[in-house]
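Novice: Okay, predicted coordinates and the sequence, questions at the end:
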Amino acid sequence: MSFEQDDIRAGGQIRVGSAGICPPIKEGDQKINGSMHAEGPVVFGDPGAEAENRATLIVNRTDNDDEDCENADRSVWVNGNMRLNGDDGTDFALKQTGNTEIIGNSQTENALYVTGGSTVDSLYVDGDVYVTGSVDCLSKGRLEERHQEADGKPKPFDIPHPSRDNHRLRYACIEGPEVGVYIRGRVKNEKVIILPKYWKNLVHEESITVQLQPIGAHQDIIIKRWDDEKIHLQSRGGMPINCFYHVYAERKDINPLIVEYEGDNCFDYPDPNYKPGVENPIYNDPEFAGPPNTITK
């Protein structure tokens, strides 16, 4: 049975469908006047815009030919905050087709905060990313373009100068044809440089090089022998050794760099494990292994 009225005003509650308990709107003497429950599905707006029952609540664009109605250009407008708790009904708690604009305010530090997911990736972007960011040191632009530009330049860090007003300090990374590591320090009244314990499994022993700088006087220090645990020194006449040292070596836990290769851009690098989007890359894949780039034995 159905009935039609020009106007209906409910001073209490409106219940559509099941008569079961609905805690948010309360019941009986404690009912919240002006509240409503509908079992669903419920459709607002154009009744023919959706052909299927896709959700409990379906909101379509207004389609009202009343001469006093100016149809809005939005289906939903919310003044206030929203919270969305997903469940296992679909893969995504929120799936959107169309564009999004986020304008933050001072309530939190971030206009958009993203965390979680079933992998270590909190955010995955299928496409390019453009960041306006700060204009300081030209940090704005498309990230992919910025990374390519950085790959072709010295790798700098640029910071406010720690001791001079109105100045900045810029350093750049050392670059070379190897994936290298180093340690440095001082030997005083000793005849051995003890290398970090992890170097034994980290570096090629045959790639180790040592630089020594005597302190105070010439001592005729030589490298007597070495391995991937210790550097043994010897001085003239057995005099006490006092020197600075640098020890360099090439890593062996990943493949040596292929320094020169044929191609038009970095994506032509011969080892596919370094290409973007590779799942579970193997950076020491024996198929693409070569000799160390530095050999000293």
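Specialist: Received, thanks. Source: prediction; values computed, not measured.
Novice: Number of residues surrounding Ile208?
Specialist: 21 (other Cβ atoms under 10 Å). (C-beta placed from N, C-alpha, C; glycine too.)
Novice: distance of it from Tyr248?
Specialist: Distance, Ile208 to Tyr248, using Cβ to Cβ, to the nearest Å: 7 Å.
Novice: and what of Leu257?
Specialist: 15 Å.
Novice: Equivalent analysis for Cys173, please.
Specialist: 15 Å.
Novice: Which segments of the protein make up each domain?
Specialist: 121-175, 178-297 (automatic domain parsing).
Novice: Need the winner for burial among those.
Specialist: domain 178-297 (a mean of 14; mean count of other Cβ atoms under 10 Å).
Novice: so how far is that one from its chain's centroid?
Specialist: In terms of Cα atoms, centre = their mean, to the nearest Å, the centre of domain 178-297 is found 30 Å from the chain centre.
Novice: With mean pLDDT and distance to Asn81 added, can I get the domains of the chain in JSON lines?
Specialist: Below are the domains of the chain laid out as JSON lines (pLDDT from 0 to 100; distance: least, Cβ to Cβ, whole Å):
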{"stretch": "domain 121-175", "mean pLDDT": "74", "distance to Asn81": "22"}
{"stretch": "domain 178-297", "mean pLDDT": "91", "distance to Asn81": "36"}
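Novice: Might you report the residue contacts of Asn284?
Specialist: Under the criterion of Cβ atoms under 8 Å, 6 or more residues apart in numbering, the contact list for Asn284 reads Asp253, Ile254, Asn255.
Novice: One more pass at 6 Å, please.
Specialist: Listed by Cβ atoms under 6 Å, 6 or more residues apart in numbering, the contact set of Asn284 reads Ile254, Asn255.
Novice: CA atoms only for stretch 237-244, dumped as PDB, please.
Specialist: C-alpha atoms of stretch 237-244 as PDB (Å, rounded to 0.1, in the frame of the first residue of the first chain):
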ATOM      1  CA  GLY A 237     113.500   1.100  13.200                       C
ATOM      2  CA  GLY A 238     110.400   0.100  15.000                       C
ATOM      3  CA  MET A 239     109.800   3.600  16.200                       C
ATOM      4  CA  PRO A 240     106.300   4.400  17.600                       C
ATOM      5  CA  ILE A 241     103.700   4.900  15.000                       C
ATOM      6  CA  ASN A 242     101.500   8.100  15.100                       C
ATOM      7  CA  CYS A 243      99.500   8.700  11.900                       C
ATOM      8  CA  PHE A 244      96.100   9.400  10.400                       C
END
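Novice: one step back: now the domains of the chain in CSV, with distance to Val16?
Specialist: Output for the domains of the chain, formatted as CSV (distance: least, Cβ to Cβ, whole Å):
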stretch, distance to Val16
domain 121-175, 40
domain 178-297, 49
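Novice: Would you agree Asp158 falls within a strand?
Specialist: Yes: looking at Asp158 with DSSP: H, G, I helix; E, B strand; the rest coil, it is inside a strand.
Novice: Compute the distance between the residue lying closest to it once chain neighbours are set aside and Tyr182, please.
Specialist: Closest residue to Asp158 apart from its sequence neighbours, by Cβ to Cβ, 6 or more residues apart in numbering: Arg170 at 4.6 Å. Arg170 sits 22 Å away from Tyr182, going by Cβ to Cβ.
Novice: again with Asn293
Specialist: From Asn293 to Tyr182 the distance is 15 Å (Cβ to Cβ).
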